[in-house]
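*Asks:* The following comprises the amino acid sequence and a computationally predicted model.
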Amino acid sequence: MYVYNCLNVYLPEDNLKMTLKELKKELFTDLSLLYPGDEANSLVSVLLSHVLKMSAFQLSLNQEMEISQNARKVLKNHSKELQAFKPIQYITGYTEFYNCRIVCKPGVLIPRPESEELVDWIVKSCNMENPRILDIGTGSGCLAIALAKHFKNAYTLATDNSETALEIARKNSKLNNVTVEFQKHDILGSQEISPKGSFHIILSNPPYVRESEKKQMKPNVYDWEPASALFVPDSDPLLYHRKITTEAYKLLSPGGKLFLEINENFPAETERLLSENKFVDIEIKKDIPGRYRMVKAIKATNN
Ligand code: GLN
């Protein structure tokens, strides 16, 4: 194929050279029309590292490096995907989460930094040798896997109602060399998780975003991530939290701990729900950006 160059001379396309610096500039120009400058910059740098298999540091040392036609094509295609707001983690196929590499594909929620904060809270508040852990609605498996990696002698069970999610979560547990048992289970259904009274830690990051809050979200979230993992009806924002609270009470051993991610607009309502269901020592915690984001509650030993 032949194309015009800037001197209006026909050249074979393969002879058109482009350096890393030039390509970076071109990708940035395309993306900065849709993303804020800082974000466009980091997207370009993640894409370049991913496609050229070089660290950010190596990239900065090789600005004059010539980029092959093939790599340019792949990068331009990825840039188009980003312009359609496909999340970068679905493009590279993975993300890092609390010392774990987690495969991300459409069909599972992309692990969030606030979920890393939840894992950290669990790790720091549960000094146990071999806990029995249950993760309800595991998605990519990130929470269960990070905990199984930390609590080396734990038994970890993770459930989800989506086959796609369970398949990805199983892959992630193998990738991270941990043993997690996965079970297809719908927390809103009537099937029970057994055995009762046997878990020391139960956790969940259930759907909690109200349909009406969708307009505050970015298109890379609502256009690409699974709605079933995100949204609750406006008429019943604590739908999942209510069901999880009652089930968790049955499944936890006395003194067992429940950890949940919550909607920042409902800390008081979530606290009330937990205390109405006989949980004690309820603690609501903000995430780093300062939003009410997680709760810890204990099943009293004398009940
Ligand atoms: N924290 C996520 C978000 O705001 C939502 C996760 C969830 O609904 N469990 O995009």
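*Replies:* Structure's in. What do you need? Quick caveat: nothing in here was measured; it's all calculated off a predicted structure. Numbering: from 1, shown residues only.
*Asks:* Please, which helix or strand holds Pro207?
*Replies:* For Pro207, there is no host helix or strand (DSSP states H and E).
*Asks:* distance of Leu239 from Lys184?
*Replies:* Separation of Leu239 from Lys184 (C-beta to C-beta, to the nearest Å): 20 Å. In this view, the C-beta of every residue, glycine as well, is placed from N, C-alpha and C.
*Asks:* neighbour count winner among these two?
*Replies:* The neighbour comparison of Leu239 against Lys184 (other C-beta atoms under 10 Å) goes to Leu239, with 16 against 12.
*Asks:* Identify the residue nearest the geometric centre of the protein.
*Replies:* Residue closest to the average C-alpha location in the chain (C-alpha atoms, centre = their mean): Pro111, at 1.0 Å.
*Asks:* Where does that one sit: helix, strand or coil?
*Replies:* Judged by DSSP: H, G, I helix; E, B strand; the rest coil, the three-state class of Pro111 is coil.
*Asks:* Check Gln183 too.
*Replies:* In three-state terms, and counting by three-state DSSP, Gln183 is strand.
*Asks:* burial measure for it, as a count.
*Replies:* Neighbours of Gln183 (other C-beta under 10 Å): 13.
*Asks:* Tell me the bridge partners for it.
*Replies:* With beta bridges defined as DSSP bridges, Gln183 has these partners: Thr159.
*Asks:* roughly how far apart are it and Ile88?
*Replies:* For Gln183 relative to Ile88 (C-beta to C-beta), the value is 31 Å.
*Asks:* So this structure: which segments form each domain?
*Replies:* Per automatic domain parsing, the structural domains of the chain span 2-84, 107-299.
*Asks:* Can you say which of the ones you listed is nearest to the ligand?
*Replies:* domain 107-299 (4.4 Å; C-beta to the nearest ligand atom).
*Asks:* buried stuff in the biggest strand by length in the chain?
*Replies:* In the chain, assigned by DSSP state E, the strand with the most residues is strand 252-261. Judged by neighbour count (16 or more other C-beta atoms under 10 Å), strand 252-261 contains these buried residues: Leu252, Ser253, Gly256, Lys257, Leu258, Phe259, Leu260, Glu261.
*Asks:* any chance of these in TSV, with distance to Phe151 too?
*Replies:* Shown next, in TSV, are the buried residues of strand 252-261 (distance: C-beta to C-beta, whole Å):
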residue	distance to Phe151
Leu252	16
Ser253	15
Gly256	14
Lys257	13
Leu258	16
Phe259	14
Leu260	19
Glu261	19
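*Asks:* out of the residues you listed, what pair is the most spread apart?
*Replies:* Ser253 and Glu261 (22.3 Å; C-beta to C-beta).
*Asks:* Now do the SS call for Ile91.
*Replies:* Per three-state DSSP, Ile91 ends up helix.
*Asks:* and Pro219, what does it touch?
*Replies:* Phe85 (C-beta atoms under 8 Å, 6 or more residues apart in numbering).
*Asks:* Need phi/psi at the nearest residue to Pro233 once chain neighbours are set aside.
*Replies:* Excluding the flanking residues, the one nearest Pro233 by C-beta to C-beta, 6 or more residues apart in numbering is Glu211, at 6.2 Å. Backbone torsions for Glu211, taken as degrees, to the nearest 10, come to phi -50, psi -40.
*Asks:* ditto for Lys299
*Replies:* Here is the backbone geometry of Lys299 (degrees, to the nearest 10): phi -90, psi 120.
*Asks:* And it, how far from Lys17?
*Replies:* In terms of C-beta to C-beta, Lys299 sits 66 Å off from Lys17.
*Asks:* Leu59 now?
*Replies:* Here the criterion is C-beta to C-beta. By it, Leu59 lies 18 Å from Lys17.
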